[in-house]
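> Here is a sequence together with a model predicted from it:
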Amino acid sequence: MHPFFKIDKSSEGKARAGTLSTDHGQIQTPIFMPVGTVASVKTVHQRELKDDIKAQIILGNTYHLYLRPGMDIMSGAGGLHRFMNWDLPILTDSGGYQVFSLAASRKMSEEGVKFKSHIDGSMHFISPEKSMEIQRQIGADIFMAFDECTPYPCEYNQAKVSMELTHRWLKRCIEWCEENTELYGHRQHLFPIVQGSTYADLRKISAEVISGSNAAGNAIGGLSVGEPEEEMYRITDIVTDILPKEKPRYLMGVGTPWNILESIGLGIDMMDCVMPTRNARNAMLFTWNGVMNMKNQKWKDDFSPLDEFGTSFVDREYSKAYVRHLFVSKEYLAKQIASIHNLAFYLDLVKVAREHIVAGDFYQWKDSVMPALRQRL
């Protein structure tokens, strides 16, 4: 059997190219993971995800899938892979971030969190054990320990109390997993989550505790929640110094193309974010030349390809003028084309980053492309 994670090439800094091996296929890292919150990456077919966008792994959301369609449907379908007809790897978050974002309609305790459904107002309770049970029924290849995500800004003591609760909950998650086997005949890998807000000493403590759990991989949570980019990079740098080098590192909820390249440079292997699809639906495209707002007048009579450097069929087949027309006309096709483009660009970005890590010139390349990526066209 292949090891779960193998480092194929390390750079002169922290950046590395690796291979993750799951029962649903291998993943070449660094990797960006499209977010399929409710068993669907918004506006994009699974066939496009696989064949055109070249996604190697996607995300599902525990909180949303638990509420709808519910675990009876999920179990009846034989898990999320079969339910959504996706035969490549899937990662699920723990539901913690969504539950804790419902600040006005939840009640926390040592046992877990009682919360009100955003769909119908019904009351529910998720504990570490319940989160594990739900994720077992979903059947993701990689699943996350139940944690508390603190807001930004956050008082030191609140961050400390929250981090310690996350660590106690992790022990309960691990115990539940040791006592309960997988449901669908494939291996599931649990990732714990480092917390501690923007406090270096708390992050160091949390990274040590998380490393000590000897999990298959490790995640960094509680960033990209409103803090300045420099703070995110500072904390990521501190944490990746401590997390074991031989295990994959997942930075949750990040981010822009430049965030992704900086994070790879700090030793991150896996990232996810709703930004490429959410921004696409609002007419914002990310390209190698910079950021385009497709509603701008300047594209009205620009009949050049959507993106001359793009890797997707939409970049070759549709012009900027046409895509602008679709957005101005409020046509659904606009959101679909834009989402396919952005996701294909993000997957191309990490693929090219991997090539430069292997070639040994990642940091020079990163610094050379960064100004263009950030500019507004």
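Nice, thanks for sending it over.
> can you pull up the bridge partners for the residue positioned nearest the centre of the chain?
Relative to the mean C-alpha position of the chain, the nearest C-alpha, by C-alpha atoms, centre = their mean, is the one of residue 272, at 2.0 Å. According to DSSP bridges, residue 33 are recorded as the beta-bridge partners of residue 272.
> May I have the predicted confidence score for it?
At residue 272, the model reports a pLDDT of 98.
> what sits against it?
By C-beta atoms under 8 Å, 6 or more residues apart in numbering, the contact list for residue 272 reads 32-35, 59, 91, 252-254. Every C-beta, even on glycine, is put in place using the N, C-alpha and C of the backbone.
> Please convert those to CSV, extending it with pLDDT, distance to residue 140 and neighbour count.
As requested, these are arranged in CSV below (pLDDT from 0 to 100; distance: C-beta to C-beta, whole Å; neighbours: other C-beta atoms under 10 Å):
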residue, pLDDT, distance to residue 140, neighbour count
32, 98, 17, 26
33, 98, 11, 23
34, 98, 14, 24
35, 97, 13, 21
59, 97, 9, 20
91, 98, 6, 26
252, 97, 14, 24
253, 95, 17, 21
254, 94, 20, 23
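> C-alpha coordinates for stretch 146-164, CSV please?
Extracted as CSV, the C-alpha positions of stretch 146-164 are listed here (Å, rounded to 0.1, in the frame of the first residue of the first chain):
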residue,chain,number,x,y,z
PHE,A,146,-14.8,19.1,15.2
ASP,A,147,-13.3,22.5,16.3
GLU,A,148,-14.3,26.0,17.4
CYS,A,149,-13.3,28.7,15.0
THR,A,150,-12.8,32.1,16.8
PRO,A,151,-13.7,35.4,15.1
TYR,A,152,-11.2,38.2,14.3
PRO,A,153,-10.5,40.2,16.2
CYS,A,154,-10.5,37.9,19.3
GLU,A,155,-9.4,38.6,22.9
TYR,A,156,-6.4,36.5,24.0
ASN,A,157,-8.3,34.7,26.8
GLN,A,158,-11.2,33.9,24.4
ALA,A,159,-8.8,32.5,21.9
LYS,A,160,-7.0,30.4,24.6
VAL,A,161,-10.3,29.0,26.0
SER,A,162,-11.5,28.2,22.6
MET,A,163,-8.2,26.5,21.5
GLU,A,164,-8.2,24.3,24.7
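> next one: it to chain centre, how far?
Here stretch 146-164 shows a centroid-to-chain-centroid distance of 21 Å under the convention C-alpha atoms, centre = their mean, to the nearest Å.
> what mean pLDDT does it have?
Stretch 146-164 shows a mean pLDDT of 94 in the predicted model.
> hey, where'd the strands end up in the stretch 51-200 of the chain?
Assignment of strands within the stretch 51-200 of the chain using DSSP state E, counting those that start in this stretch yields the ranges 58-60, 90-92, 106-108, 113-116, 123-126, 142-144, 189-191, 193-194.
> Most tightly packed of these?
Ranked by mean neighbour count, the strands of the stretch 51-200 of the chain are led by strand 193-194 with a mean of 30 (mean count of other C-beta atoms under 10 Å).
> Which strands or helices does that one pack on?
helix 200-212, strand 218-220 (3 or more C-beta pairs under 8 Å, 6 or more residues apart in numbering; DSSP states H and E).
> which stretches of this structure aren't confidently modelled?
1-2, 100, 103 (pLDDT under 70).
> Could you break this protein into its assigned domains?
What automatic domain parsing lists as the domains of the chain is 5-273, 281-374.
> chain center to the shortest one: distance?
Spelled out, it's domain 281-374. 20 Å.
> distance between the ends of that domain?
Distance between the two ends of domain 281-374: 19 Å, counting by C-alpha to C-alpha, to the nearest Å.
> circling back: tell me how far the residue nearest to the centre of the chain lies from residue 111.
In this structure, residue 272 lies at 29 Å from residue 111, with C-beta to C-beta, to the nearest Å as the measure.
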